[in-house]
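Student: Sequence isn't available, so here's the structure alone:
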Ligand SMILES: Nc1ncnc2c1ncn2[C@@H]1O[C@H](COP(=O)(O)OP(=O)(O)O)[C@@H](O)[C@H]1O
Ligand SMILES: O=C(O)[C@@H](O)C(=O)COP(=O)(O)O
């Protein structure tokens, strides 16, 4: 097997977002959870997205895990490697976008790495190196309040430079608008001036298609789903894609776990509250009272036979700040672990259709459930496909980036799983 494209994603929702984009562009794609065991049957695929949980861990660990994924993808003959990062550039001054990009570039002997989080379909655009979320610059968007990676600087050249050992350049819009050859020439010129990575402006799909054509000639690129679209087009040409699979819904109840505190997720929880039981978890008790989680699960049991239930730790920025002050900076990781235990408890109670809101939260849940790989189904909302586990009794999942989806996302996801709320 020789893969057209191998991707290393820094979180699980990001991986399914990219796998969704590649699938829609006609690449047969699967998402693995970590580096797969030798025994995992991949079937015939054009692209593999290896999902890692490396966005918010120490950079040395993120580098080591990403290099292990790279080895595996190279072993499968991947012709181009894309490092999938968040469309809102979620990271800290310590990394991990810079350190992982530089380590992959060194391993691949890449002269320069184009970097862009642009994903116009979800309102992420980059102009003069500044990232916009909808009409607002990144630092004025809800990402300024992210519990793990608050983003306070929209100038991505500056952000990436703080995380990088080598120089960071810019391929600005005046070059991008001239097309693939101009982008390639600018990248080559930057490489000779000592720059190892360059933020690339992109405000629309044609920009990303031009960038994809230029990037595919290089061994490595770093970006979000928009870059994936450009690479897929360059690798495969314009393609109608294939019809999304139709899966038989597995029996068993459906549930939603929400650990994202994104503004979009808070709105989605409120929107579904009139229609199904919503358990807003008491975080102080969840973290300190050993019987609280069992009691929460017990109270869902009768409800699950009637329809879907939602368990949420999600909270507004003021509550998040209070909980961080009270429980310390690792409160997020502890909540993820508690939500993952609750998810496992729901599965023990028969749940076979599970929606998870939040990238880190999805990582903790999917790891806890021991899922090895995921097939990509129809799109529920931009960046969020329906997923089916590979190996063992199949379960349906939707792993939603906190910021993605409209107010009716949960209802749409349940409907895609054959459940009416
Ligand atoms: N009430 C809360 N207070 C503080 N942190 C929280 C709370 N609820 C969830 N978290 C943490 O916030 C982080 C949300 O990140 P993530 O799951 O990636 O969501 P998103 O997709 O919105 O970025 C997780 O680490 C999660 O455990
Ligand atoms: O690119 C994106 O925005 C998403 O694919 C993504 O990475 C999601 O991360 P979370 O918001 O942490 O779920």
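Tutor: Noted; the coordinates are in hand. Not measured: the values here are computed from a predicted model. Ligands and ions are numbered 1, 2, ... in the order given.
Student: Which positions in the stretch 51-200 of the chain make contact with ligand 1?
Tutor: Contact residues, the stretch 51-200 of the chain versus ligand 1 (CB under 6 Å from any ligand atom): 146, 147, 148. (Glycine included, C-beta is placed from N, CA and C.)
Student: contacting residues around the closest residue to the first one other than its chain neighbours?
Tutor: The reference is to residue 146. Closest residue to residue 146 apart from its sequence neighbours, by CB to CB, 6 or more residues apart in numbering: residue 90 at 6.5 Å. If a contact means CB atoms under 8 Å, 6 or more residues apart in numbering, then residue 90 has 55, 56, 143, 146, 148, 149, 151 as its contacts.
Student: doesn't residue 149 make contact with the first one?
Tutor: If I follow you right, that is residue 55. Yes - taking contacts as CB atoms under 8 Å, residue 55 lies within contact range of residue 149: 7.3 Å.
Student: out of these two, which sits in the busier spot?
Tutor: Using other CB atoms under 10 Å, the more surrounded residue of residue 55 and residue 149 is residue 55, with 25 against 16.
Student: Return the residues in contact with the more buried one.
Tutor: Counting by CB under 8 Å, 6+ apart, residue 55 has contacts 10-11, 14, 62, 85-86, 90-91, 96, 148-149, 359-360.
Student: Keep only those of those that are in helices.
Tutor: Within those, residues falling in helices by DSSP state H are 14, 62, 359, 360.
Student: Out of those residues, which is nearest to residue 271?
Tutor: Proximity of the ones in helices among the contacts of residue 55 to residue 271 was ranked by CB to CB; the top entry is residue 359 with 20.7 Å.
Student: Now do the contacts for that closest one.
Tutor: Counting by CB under 8 Å, 6+ apart, residue 359 touches 11, 12, 13, 14, 55, 86, 260, 399, 401, 402.
Student: What's the separation between it and residue 171?
Tutor: 27 Å (CB to CB, to the nearest Å).
Student: ok, how many other residues are close to residue 27?
Tutor: 24.
Student: And residue 134, by the same measure?
Tutor: 10.
Student: I figured it was touching residue 141, is that so?
Tutor: Yes - in terms of CB under 8 Å, residue 134 counts as a neighbour of residue 141; the distance is 7.2 Å.
Student: picking that back up, ok, the residues of the stretch 51-200 of the chain next to ligand 1 vs ligand 1, which is closest?
Tutor: residue 147 (3.6 Å; CB to the nearest ligand atom).
Student: Please tell me the pLDDT value assigned to that closest one.
Tutor: Predicted confidence (pLDDT) at residue 147: the value is 89.
Student: Over to residue 30?
Tutor: For residue 30, pLDDT reads 95.
Student: now do residue 393
Tutor: 87.
Student: What of residue 1?
Tutor: So residue 1 comes in at 61 (pLDDT).
Student: Need phi/psi at the residue of the stretch 301-421 of the chain found nearest ligand 1.
Tutor: Residue of the stretch 301-421 of the chain nearest ligand 1, by CB to the nearest ligand atom: residue 402 (1.9 Å). Here is the backbone geometry of residue 402 (degrees, to the nearest 10): phi -50, psi -40.
Student: distance of the residue of the stretch 1-150 of the chain found nearest ligand 2 from residue 359?
Tutor: Of all residues in the stretch 1-150 of the chain, residue 14 sits closest to ligand 2, at 2.8 Å by CB to the nearest ligand atom. Remark: distance between residue 14 and residue 359 (CB to CB) = 6 Å.
Student: Can you pull the residues that touch both of the two?
Tutor: 55, 86, 401.
Student: is it true that residue 345 touches residue 293?
Tutor: Yes - between residue 345 and residue 293 there is a contact under CB under 8 Å: 7.4 Å.
Student: most residues in a single strand of this structure, which one?
Tutor: The longest strand of the chain (DSSP state E) is strand 373-381.
Student: Report the secondary structure element holding residue 174.
Tutor: helix 173-176 (DSSP states H and E).
Student: so after that helix, what's the next helix or strand?
Tutor: In N-to-C order, the element after helix 173-176 by DSSP H and E is helix 180-192.
Student: which parts of that next one are buried?
Tutor: 180, 182, 183, 184, 186, 187, 190, 191 (16 or more other CB atoms under 10 Å).
Student: For these, could you give me a markdown table that also reports pLDDT?
Tutor: Listed next are those as a markdown table, based on pLDDT from 0 to 100:
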| residue | pLDDT |
| --- | --- |
| 180 | 98 |
| 182 | 98 |
| 183 | 98 |
| 184 | 98 |
| 186 | 98 |
| 187 | 98 |
| 190 | 98 |
| 191 | 97 |
